[in-house]
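In: Provided below are the primary sequence and the corresponding predicted coordinates.
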Amino acid sequence: MSKYTEDDLREELKTKEYEYGFYTDIESETFPIGLNEDIVRAISKKKEEPEWMTEWRLEAFKVWKEMTEPEWANVHYEKPDFQSIAYYSAPVAIDPNKTLDDVDPDLLAMYKKLGISVDEQKKMNNIAMDIVVDSVSVATTFKKTLAEKGIIFMSISEAIKEHPELVKKYLGTVVPQKDNFYAALNSAVFSDGSFCYIPKGVRCPMELSTYFRINQAGTGQFERTLVIADEGSYVSYLEGCTAPSRDENQLHAAVVELIALDDAEIKYSTVQNWFPGTAEGKGGVYNFVTKRGLCETNAKISWTQVETGSAVTWKYPSCVLKGDNSVGEFYSIAVTNNYQQADTGTKMIHLGKNTKSTIISKGISAGKSQNSYRGLVQISSRAENARNFSQCDSLLMGNECGAHTFPYIEAKNKSAQIEHEATTSKIGEDQIFYCNQRGIDTEKAIALIVNGFSKEVLNKLPMEFAVEAQKLLEISLEGSVG
Amino acid sequence: MLEIKDLHASVEGKGILRGINLEVKAGEVHAIMGPNGSGKSTLASVIAGKEEYEVEKGQILLNDEDIEELAAEERAHKGVFLSFQYPVEIPGVSVTNFIKTAINETRKSKGLDDMPAKDMLKMIREKAELLEIDRKFLSRSLNEGFSGGEKKRNEIFQMAMLEPKLAILDETDSGLDIDALRIVANGVNKLKSKDNAVIVITHYQRLLDHIVPDFVHVLYNGRIVKSGTKELAHELEEKGYDWIKEEVGA
C-alpha cells in the first residue's frame, strides 16, 4: 500500500499541467513591438475610431508616461518591459461582417477545445456570448434577441462607432484614465472588450457572457469593458478567461467599469483561468486588472470571482456606494498553486446613507504560492448607518505556501457598523483518510473539501457557470493527483 | 470473510500490534475488548488501510485476497467500512453530498454509472428512517457542530448506505446516551445478514447487550490474549481487566 503523506500531496500538486495550454495557428496581424504616441494613434486608426477617442487615448498615454508601476502589493515579479510588448494583435482571418458559419474553422476548433463551441452555446444555453480572441471581438451571438428589448451588447469598438453618445458619457467616469498605472496604460492602448447597455426598467432575459483568451505570443491583452444598467434595470454578466501556455510572461491589464443607475442591479461574475506558469514558476500571465462599479440610489452591484490562473494577480473589484441605500457585494475564490502569487480583494467605498456592503473571500493556497486578501472598507462622514460585513477564510495545503490578510477599515461616521471575521485552516490527513475510507480517492477528496470550503461563493455564480467553476477548482488543484 | 494472520504493525517506529490472529466469517459478530492502549483502534485503522501504520509482518486477507497493498479507498470499494471513533468535520459538504460521492465513487470503481438520483433519494429516505434521522440533518455540513450522538448516528447511516461486507465499529458507543445507543444498535442489527460481518470494538459490555456478539476477544499489549463467547464480556464487566493482565503476565 502506498503511503500518502503531506509531502506526497505537495509533490503531486506541483506536477499538474495547464489544461488549456495549446496554441492555435491562426494568421494574426500584429503591430511592431513597443509603445509611443504613434502606436496609440495607429491602434485608434486601425479601429477607425473618431477623433475624440484618439484624443482620449493620447491623454491617457501622457499621464501613463509620468506614472510608475505600483509596488505596494504583496507580490514579487520581474517588471514587464513595456517597450517589448506588441500592443495589437488581431486574427486576420476574421471579417466582422461574416456570420458565424464563416468563422475560421481553426478558431472554432479552438473554442471546442476550450469547451465553448459557439453553436452549442447558442442552442443549449440561454447565454449571449461576445468572444474576444486576442484583441478583436469575433462573434457576437443573440444580438437580435437582445435588440428587441433595447439591450445593446457589442464589442466596445463597435459601440464607439454606433453609440458614441453613451460611450463618451460614461467611459472613464468610474475608472478615470489617471486612476492607476495599469488603468492609464489600458486607456491608452485598449484593443477591444465588451459594451453593454440595459435600458430603463428592462430585466435582461439572459446571462451575458464574454470569453477572453490570449493567443498570440508576446502580446498584451488590454480589454475594456463598460456595462451601464439604466434606472430600474437588471443584468447578469459573466466573463471567462483562458490563455495558452507560453514561457514568457504575458501581460493582461484590463479595465472594467460598471454603472448602476437608480434602482438598477448588476451581477458581474468572473472565472479567470489564465496560464499560471509552469510548476517551476516559469512564464504565466501577469493579471493587473482594475474593476470598479458605481452605485446610484438603491442600486446594487455584486462582484463574484473565481480566480485560479495567472502567475501574478493584482485585482480589486470595487464598489463606490454613492447613492443612498445602495448595496455592494464581493464574493471571491482565489486559488494559488506552485509559484503563483495573488494579491486580490475589494474596496467598498460608502458615500451614501444606509449603504450596505458584504465581502466574502476564500483563499486557497498550495505549493509554494502566496495568496493575499487586501480589502478596504471606507465609510465617509456623510454615510449615516453604513454597514459592512467581511469574512476572509484561508485554506492551506502543505507547509510552503502562504496566506495573508490585509483588511483596512476607515470609518468617519460614528453610526457605522463594521464586522470582520477571518479564519485559517489546513486540509488534514485525517479528513483525507476519512474520505478514502468511504471509497473516495485523495484527488476527489481534496476537490470535495475545497468545494465545501468555497461553497458560499460558488453558490453566488449563475448555475451554468458554478459547475464549470467547480471543475476549474479541481483542475487547478489536483490535475494529476492519484 | 476476514482472516488476519500473525499481524505485526507499528506507528512511527513504535510496535503496537504484535502478532494478531483473527478469523471472522460471514454472518458473524465479533467483539474486541481490552484496556486503553491495547491496540484496538490501531487494529481497526490497519484493516482500513491508514497510511501512518506500517505493517511489518503478517497478512490481512479479505475473502482470501491479501489487501495489504491496497489503498484505503480500494479496500472500501471491496466492502470494508470503518465507523470512526472520532469522525472528522468537512465544512460546506452536506451529509447527502458526501454519501452520494462515496456511493458513486465506489460504483465507478466497479465500472458502474452513477446511481440514478431517484434511487439515491429512495435509499436515503429508507436508511434515514431506519436510524431515525431527520431530513434536515442530511443537509447539514458533515459532522460540523454535530453532537457526539449525531456523529455516531451519521457513521451508522453511512454504513447503511454503503452496505459493506465487513463493518468495523470503533467505540461507536462512546458519547452516546441510552436512547441513541438503542437507535444505533437497532440500526446495526437490522443491517446484519448472513452475508456480512461486524467487528465491534468497545470498552464496555453495554453495547453488547444490544448488539450480541458470537465471539468476544480480549486485546492486550497488541495481542489477542483470550477469546470466548458473550459470557466473557460479562465476566470482564464484573471483574475488569486486571485478572486478564495477571493471567497473561503469569
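Out: That came through, no problem.

In: three-state assignment of the residue positioned nearest the centre of chain B?
Out: Centre of chain B computed as the mean C-alpha position; nearest residue by CA atoms, centre = their mean is B:Ile168, 1.8 Å away. B:Ile168 falls in the strand class when you classify it by DSSP: H, G, I helix; E, B strand; the rest coil.

In: isn't it up against B:Gln85?
Out: No: with contact defined as CB atoms under 8 Å, B:Ile168 does not reach B:Gln85; the gap is 10.5 Å. (C-beta placed from N, C-alpha, C; glycine too.)

In: if we can go back for a sec, hey, what's the residue nearest to the centre of chain B bridged with?
Out: B:Leu82, B:Ile199 (DSSP bridges).

In: dump the residue contacts of it.
Out: B:Ile168 makes contact with B:44, B:47-48, B:80-83, B:198-199, B:201 under the criterion CB atoms under 8 Å, 6 or more residues apart in numbering or on different chains.

In: give the closest residue to the residue in the stretch 351-482 of chain A that chain B sits nearest to in space, chain neighbours not counted.
Out: Proximity of the stretch 351-482 of chain A to chain B (CB to the nearest CB) peaks at A:Gly452, 3.0 Å away. Spatially, and ignoring its direct neighbours in sequence, A:Gly452 is nearest to B:Gly92 (3.0 Å; CB to CB, 6 or more residues apart in numbering or on different chains).

In: list the helices and strands the helix or strand containing the one you found packs on?
Out: Assessed by DSSP states H and E, B:Gly92 sits inside strand B:90-94. If contacts are counted by 3 or more CB pairs under 8 Å, 6 or more residues apart in numbering or on different chains; DSSP states H and E, strand B:90-94 sits against helix A:429-437, helix A:442-458, strand B:141-142.

In: ok, 6 Å please
Out: Helices and strands touching strand B:90-94, by 3 or more CB pairs under 6 Å, 6 or more residues apart in numbering or on different chains; DSSP states H and E, are helix A:442-458, strand B:141-142.

In: export that strand as PDB, just CAs?
Out: These are the backbone C-alpha positions of strand B:90-94, laid out as PDB (Å, rounded to 0.1, in the frame of the first residue of the first chain):
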ATOM      1  CA  ILE B  90     -15.800  18.600   6.500                       C
ATOM      2  CA  PRO B  91     -17.300  22.200   6.400                       C
ATOM      3  CA  GLY B  92     -19.600  23.000   3.500                       C
ATOM      4  CA  VAL B  93     -20.000  19.400   2.400                       C
ATOM      5  CA  SER B  94     -23.500  18.200   3.300                       C
END
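
In: could you check whether the helix or strand just after that strand is close to chain A?
Out: Counting by DSSP H and E, the next helix or strand C-terminal to strand B:90-94 is helix B:95-109. Yes: using CB under 6 Å from any CB of the partner chain, helix B:95-109 reaches chain A at B:101-102, B:105-106.

In: return the set of buried residues in whichever helix or strand comes after helix B:95-109.
Out: Using DSSP H and E, the helix or strand that follows helix B:95-109 towards the C-terminus is helix B:117-130. By 16 or more other CB atoms under 10 Å in any protein chain shown, the buried positions in helix B:117-130 come out as B:120, B:123-124, B:127-128, B:130.

In: for the closest residue to chain A within chain B, what are its contacts?
Out: For chain B and chain A, the shortest gap (CB to the nearest CB) falls at B:Gly92, measuring 3.0 Å. Counting by CB atoms under 6 Å, 6 or more residues apart in numbering or on different chains, B:Gly92 touches A:452-453, A:455, B:141.

In: out of those residues, which is nearest to B:Ala31?
Out: B:Ser141 (32.7 Å; CB to CB).

In: show me the shaky parts of chain B.
Out: Along chain B, segments meeting pLDDT under 70 span B:250.

In: quick one: mean pLDDT for stretch A:287-299?
Out: Averaged over stretch A:287-299, pLDDT sits at 96.

In: show me what from chain A comes close to chain B.
Out: A:1, A:3-4, A:430-431, A:433-434, A:436-441, A:448-449, A:452-453, A:455.

In: count the residues that sit near B:Asp66.
Out: 12 (other CB atoms under 10 Å in any protein chain shown).

In: and it, how far is that from A:Met397?
Out: 33 Å (CB to CB, to the nearest Å).

In: then A:Leu458?
Out: 18 Å.

In: what pairs with whatever helix or strand A:Asn371 lives in, parallel or antiparallel?
Out: Per DSSP H and E: A:Asn371 is located in strand A:370-379. Strand A:370-379 sits in its sheet next to strand A:341-350 (parallel), strand A:402-411 (parallel), going by DSSP bridges.

In: let me see the mean pLDDT of it.
Out: 94.

In: contacts for it?
Out: With CB under 6 Å, 6+ apart, strand A:370-379 has contacts from A:74, A:334, A:336, A:341-343, A:345-350, A:359, A:361, A:363, A:365, A:386, A:388, A:392, A:402-411, A:413, A:416.

In: which positions in that strand come out as buried?
Out: A:370-379.

In: pick out whichever of those sits closest to B:Glu235.
Out: Nearest member of these to B:Glu235, counting by CB to CB, is A:Asn371, at 58.7 Å.

In: kindly state the beta-bridge partners for that closest one.
Out: A:Ala342, A:Ala403.

In: so how far is A:Asp393 from it?
Out: 11 Å.

In: and the lengthiest strand in chain A with strand A:341-350, angle?
Out: With secondary structure taken from DSSP state E, chain A has its longest strand at strand A:284-295. Inter-element angle recorded for strand A:284-295 and strand A:341-350: 10 degrees (by axes from the mean of the first three to the mean of the last three CA atoms, to 10 degrees).

In: what helices and strands are in contact with the helix or strand just after strand A:284-295?
Out: Heading C-terminal from strand A:284-295, the first helix or strand you meet, by DSSP H and E, is strand A:300-307. Contact analysis of strand A:300-307 by 3+ CB pairs under 6 Å, 6+ apart lists strand A:265-273, strand A:327-336 as its packing neighbours.

In: please identify the most buried of those strands.
Out: Most buried of the helices and strands packed on strand A:300-307 by mean neighbour count (mean count of other CB atoms under 10 Å in any protein chain shown) is strand A:327-336; its value is a mean of 26.

In: direction included, what does it pair against?
Out: For strand A:327-336, pairing defined by DSSP bridges yields strand A:300-307 (parallel), strand A:356-365 (parallel).

In: dump that strand to PDB, keeping only the CA atoms.
Out: Extracted C-alpha coordinates of strand A:327-336, given in PDB (Å, rounded to 0.1, in the frame of the first residue of the first chain):
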ATOM      1  CA  VAL A 327     -25.600  47.800  -1.900                       C
ATOM      2  CA  GLY A 328     -22.100  46.400  -2.800                       C
ATOM      3  CA  GLU A 329     -21.100  42.700  -2.700                       C
ATOM      4  CA  PHE A 330     -17.900  40.900  -3.300                       C
ATOM      5  CA  TYR A 331     -17.600  37.100  -3.400                       C
ATOM      6  CA  SER A 332     -14.300  35.700  -4.200                       C
ATOM      7  CA  ILE A 333     -12.400  32.400  -4.500                       C
ATOM      8  CA  ALA A 334      -8.700  32.700  -5.200                       C
ATOM      9  CA  VAL A 335      -6.700  29.600  -5.800                       C
ATOM     10  CA  THR A 336      -2.900  29.700  -6.000                       C
END
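
In: from the chain's centre, how far out does that strand sit?
Out: 11 Å (CA atoms, centre = their mean, to the nearest Å).
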